[in-house]
Structure formats: C-alpha cells, structure tokens
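Visitor: when you get a sec, could you give me coordinates for this:
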Amino acid sequence: MFDLGENRLSGSIPSWIGEIYQDLQILSLRKNNFSGSLPVQLCYLQGIQLLDLSLNSLSGRIPKCLKNFTSMTQKTSLIDYTHQGYSVSIRSIGKYMNYYDLYSLLTWKGADHIFLNNELLLLKSIDLSSNQLSEEIPIEIEDLFELISLNLSRNNLTGEIPSNIGRLTSLEFLDLSRNQIFGSIPTRLTQIDRLTMLDLSHNNLSGKIPIGTQLQSFEASSYEYNSNLCGKPLDKLCGAEEPPHEANVDESNEDENFVVNRAFYVSMILGFITGLCVTFGFILVNSPWRQLYFRFLNNLTDNIYRMITVKVPSSLKA
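Guide: Purely as a prediction, here's the structure:
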C-alpha cells in the first residue's frame, strides 16, 4: 500500500511509482496539489486494486493503457499480498495484521469513508474525480470487469459514455457527473444489476433514459441538468409519452362541433327541398289542386301588374 493522501504535495506524479512498485495494490494520492498529466508508467501497476488520485489538479486524457490493471479484470476469492518479500493471503492476514492495520480514507458513495483491512483489500476502485481531466472516457475501461467503483466526476471529460459499459457487471458505484459528456445513455447500462449509486447529472446527455429496473429506481437528481434528457424518473416525458395538449383537445372539439352543425344544416336543406318537391308533385298530380294553384298564380300576376301600372305613373307625376 502506498498512501500519501491529504498532504501538500505538488508537481507531477512521479513516474517511478509505476516502474518500481509494479506489485502495488493500493495507491492513494488524493487531496494533494499534483498537476500535469497521468504518467503512463502507472499502467505498469498490474496488481493495482485501488487507485485514488482524486482532488488534485491533474489534466490531459485518461490513458488507454489502464486496461493493463489485470487485477481489476479477474475475480478475487483468495488474494496474495506482497510485503517485503512475504506472501500473505487472506487466510493468514490476521498474522500479518499483528504488525499493523491497513486502512485508507476514500470517497465512497459521495462521502468519506475509512476502509479497514479485509474490506480495503477486497475493494476494486478507480477514483479520478475533482481534477481537470479532458477528452473522452477510454473504451478500454470496459475490460475492467471486476471494477466495483468508478468515479470520474467533476472533470472536463467529453464524448459519449462507452457503449459497452454494461460489461462492468460488478459495478456498484458509478459517478460521471459534472462533465461535458454528450450523447445518449447506453442501453447496456441496464445490465448492471448491482448498481446501487448512479450519478450522471450536470452533463449534456440527450434522448430517453433506457428502461430498466435499476435506472428507474434512482432519484431524478441522478439525471438532472441534462437539458435534452427525458423519461422516468425525470418529470420531462419523451415525445411519444407526452399527453395531448389542451389546445389539441379544444381543436378536436371544435372540429366535432363543426361536423355536427354542418350535418344539421345539410339535413334541413335536404328536408326543405324534399318537402317542396312533394308539394309540387301533389299539386301536379291532383287536378283540382292544380287548377286552384294556377288560378292563384294568375291572380297574383294580375295584382302585381295593376300595382305597377297604377302606382308607378302616379309617383312620377308627384
């Protein structure tokens, strides 16, 4: 174990750490003033199980060679620890602890937590949070199958979440918040059924949150401040899920009333025409009524003619 956390160390992380201590399993340099990029020599730490470089001023990209952390790709039931030439296993760790206890302060699920002895030695975690790291999350991180905790929050990371991140089936804690990550949330994230803490907030994610028991069980705060993200547990529904707007309801009601009114008036007109046709047909067929009708028309015509011939000249004289 190499723990120099919470000091005032500055400058670059020494490359010799990876060159000399290749069997190192715990490296904590958290809460210092380290700057510069991550040395590729850290990838020589094939046995590393806990890497905590959080709360520094590190910049640049995350090395792709972290896939060389082979201890994070293998299941661990019996762990061998090397210390000053002695090989110590979990079964004999009690004797090893007669000399000293192993412990380290780590940020776990958003809070500082002291891990002791067996608990610490079985943890597989990468914490690079609260730095100034940039560019994309390397897809090689998908090969660390036995990783339990991954915290890359509060950096300047861009690009998309690796599409096969669901391969990290042992993951319990995932924090990618407060970066500039864009694109959609990979559907394979629903395959991680051990996930108990997730934070993707304060990014530029978009699209629908994949439907899965785990992803919908988290609070809306896990996804907030992604303006183009929609779906449960957020209040913002996606397009296909949105209920009809009131305006659309009103428009449909207006269209329905228009159809009803038009049908009413059309039926009135048709009824009037039908009644008129029946009346004329009755008059034409019935001889007495026909004679009476034509006599009425003749009298009406004579009256109109007399009115025109008498009243019009008199009005002109006046």
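
Visitor: you'd agree residue 62 is up against residue 134?
Guide: No: with the criterion set as C-beta atoms under 8 Å, residue 62 and residue 134 do not qualify as a contacting pair; they are 9.1 Å apart. The C-beta positions use only the backbone N, C-alpha and C, and glycine is treated the same way.

Visitor: those two: which has the busier surroundings?
Guide: Looking at residue 62 and residue 134 with other C-beta atoms under 10 Å, you find the greater number of neighbours at residue 62, namely 23 against 16.

Visitor: state the distance from the more buried one to residue 129.
Guide: 12 Å (C-beta to C-beta, to the nearest Å).

Visitor: returning to what we had before: give me the common contacts of residue 62 and residue 134.
Guide: Taking C-beta atoms under 8 Å, 6 or more residues apart in numbering as the contact criterion, the residues that touch both residue 62 and residue 134 are residue 157.

Visitor: quick one, what contacts the nearest residue to residue 16 once chain neighbours are set aside?
Guide: Once flanking residues are discounted, residue 16 sits nearest to residue 41: 7.5 Å by C-beta to C-beta, 6 or more residues apart in numbering. Contact analysis of residue 41 by C-beta under 8 Å, 6+ apart lists 15-19.

Visitor: which among those residues end up buried?
Guide: Burial of those was assessed by neighbour count (16 or more other C-beta atoms under 10 Å); the buried members are 17-18.

Visitor: out of the contacts of residue 41, who's nearest residue 193?
Guide: Nearest to residue 193 out of the contacts of residue 41 is residue 18 (C-beta to C-beta; 34.0 Å).

Visitor: and the next helix or strand past the host helix or strand of the closest one?
Guide: Assigning secondary structure by DSSP states H and E places residue 18 in helix 16-20. Scanning forward in sequence from helix 16-20, with DSSP H and E defining helices and strands, the next element found is strand 26-28.

Visitor: count of neighbours near residue 230?
Guide: Residue 230 sits with 19 neighbouring residues when counted by other C-beta under 10 Å.

Visitor: what's the answer for residue 219, then?
Guide: Should you count by other C-beta under 10 Å, residue 219 turns out to have 11 residues around it.

Visitor: which secondary structure element of the protein has the lowest mean pLDDT?
Guide: strand 86-89 (a mean of 32; mean pLDDT, DSSP states H and E).

Visitor: and the nearest residue to residue 39 once chain neighbours are set aside, how far from residue 142?
Guide: In this structure, residue 39 finds its nearest non-sequential neighbour in residue 15, 4.3 Å apart by C-beta to C-beta, 6+ apart. Noted for residue 15: a distance of 26 Å to residue 142, by C-beta to C-beta.

Visitor: element containing the closest residue to residue 132 other than its chain neighbours, please.
Guide: Counting by C-beta to C-beta, 6+ apart, the nearest residue to residue 132 once its immediate chain neighbours are dropped is residue 59, at 4.4 Å. Under the assignment given by DSSP H and E, the secondary-structure element containing residue 59 is strand 57-60.
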